[in-house]
Structures are given as C-alpha cells and as structure tokens.
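Colleague: Model the structure of this input:
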Amino acid sequence: MTKSLILGTILGGLAAFLWSSISWELLGWHEKTMVGFQNEDEVSAVIASHATQDGTYLLPNMPPTAGMTPEQKKSALAALMQKMQNGPIMVAAVRRGGFGSYSRGLIVQLLSLMAAAFLLTWLLLQTAGLSYARRVVFLAIVGLAASVIVDLPNWNWWGFSGAYTAVNLTDSSLTWLVAGLVIAKVAKPAEPATS
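Modeller: Prediction:
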C-alpha cells in the first residue's frame, strides 16, 4: 500500500501538473473568461495606495465592530447589506510586490498537485472491487466534487462569472481524469482477504 501511495502521489501529481500546463498555457480557455479594467494603470495606482498589505480584500467590507453598541453593529450591518445590494462587490487577492519568481510558483503548484494526488490516491486505496475504468471515473468525480465545493459558492456569493466557473469545473474534472488514468494504474487497492 505504501508503494502505491508513493507512486500515485508522484506520478499522479506529475500528470495533473502536465495537464494543468496544457490547460493554462496552450488552451488559453481560462483567460478568455476573465475581463480587464478599462484603465488598468489607474486602477493599479488606486489599489497600491489603498491596499496597505498583501491579502484578500473584500469590497464592501464590514467595519471593525469592537467597541460598538448592539444598535451600532445592527446599523453597520444594515449599511453593509445595502452596499452589497447596490454594488459593486469584489473579492481580490492583492500582492503589493507583484508575482515574484515564476519558477517558485511552478514548484509550489507541482507540490500542491502532488498533495492532492496523495489524498486522491489514499481515497482510491480505501475502495475495493472497482475496475480500472471505475477507479478513473471515481477520481475524476472526486476532482469535480472538490471544484463544486469551491467554485459554485464563489459564483453564487461573489459574482464569479458563469463562464469562469464552468471552465474551472470542467478543468478540475479533466485534471483528475488525466491524473486518475495514472493513479488508477499504479495504485491498486488490496483485495480483501478471503476465508
């Protein structure tokens, strides 16, 4: 079982990384679902002057409520809800210093996909009696489920576009289908002992 787990982690992670590279670098379908600001330099300057640190920003955001009376908190929440109803709303990850090393990003991505491959291999090893094709489908569905857990709430609550969400759902399924072809080949659950 340990050998299967190691092989599934490494080879499955590499297969997922290969597909992700094709998906992002060659297909370009992710980029087609994103839009740019009209005056990017102006927006960048505003963000740089108002985002005081790296982090995930929410607009509108609830003001700090420490020291507020219950009535003040209720009023602040009502004002926030009104702003959310009127818009615009935005969730943004801000890196004030830019992206940094592309090589570092690729290494972290590979390690992240290997961590996911480890978890999926472990899940697969908990099953029994599935054919190769069913093991592959199992892994693709788990990949889709992970994307549903993350991407549908982002679409629902934060306004991520339908096209962006659909591409992420499809790409996640394909990533773990491709990796599943490898993982299911090298990670075969132990057959139950017979009496």
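Colleague: now stretch 85-97, how far from the centre of its chain.
Modeller: Relative to the chain's own centre, stretch 85-97 is displaced by 18 Å; criterion: Cα atoms, centre = their mean, to the nearest Å.
Colleague: Tell me if I am right that Ser49 is in a helix.
Modeller: Yes: membership of Ser49 in a helix is supported by DSSP: H, G, I helix; E, B strand; the rest coil.
Colleague: any idea how far it is from Val43?
Modeller: 11 Å (Cβ to Cβ, to the nearest Å). All C-beta spots, glycine's among them, are computed from the backbone N, C-alpha and C.
Colleague: can you check Gly97 too?
Modeller: 17 Å.
Colleague: Give me the more crowded residue out of those two.
Modeller: Higher neighbour count among Gly97 and Val43: Val43, with 12 against 6, using other Cβ atoms under 10 Å.
Colleague: wait, the more buried one sits on Phe37?
Modeller: Yes: between Val43 and Phe37 there is a contact under Cβ atoms under 8 Å: 4.3 Å.
Colleague: what about stretch 75-95, average pLDDT?
Modeller: In this model, stretch 75-95 has an average pLDDT of 90.
Colleague: got the contact list for it?
Modeller: With Cβ atoms under 8 Å, 6 or more residues apart in numbering as the contact definition, stretch 75-95 has outside contacts at 47, 51, 54-63, 65, 68, 154, 158-159.
Colleague: Domain parsing of this protein, as residue ranges.
Modeller: 2-49+99-186, 55-94 (automatic domain parsing).
Colleague: In the chain, where is pLDDT below threshold?
Modeller: 190-195 (pLDDT under 70).
Colleague: As a check, name the ranges of all strands in it.
Modeller: Assigned strands in the chain, in chain order: 55-59, 90-94 (criterion: DSSP state E).
Colleague: can you put these in CSV and add distance to Leu113?
Modeller: Putting the strands of the chain into CSV (distance: least, Cβ to Cβ, whole Å) gives the following:
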stretch, distance to Leu113
strand 55-59, 22
strand 90-94, 20
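Colleague: Save the ones you listed as JSON lines, and put in mean neighbour count and distance to Asn168 too.
Modeller: Shown next, in JSON lines, are these (neighbours: other Cβ atoms under 10 Å; distance: least, Cβ to Cβ, whole Å):
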{"stretch": "strand 55-59", "mean neighbour count": "12", "distance to Asn168": "18"}
{"stretch": "strand 90-94", "mean neighbour count": "11", "distance to Asn168": "15"}
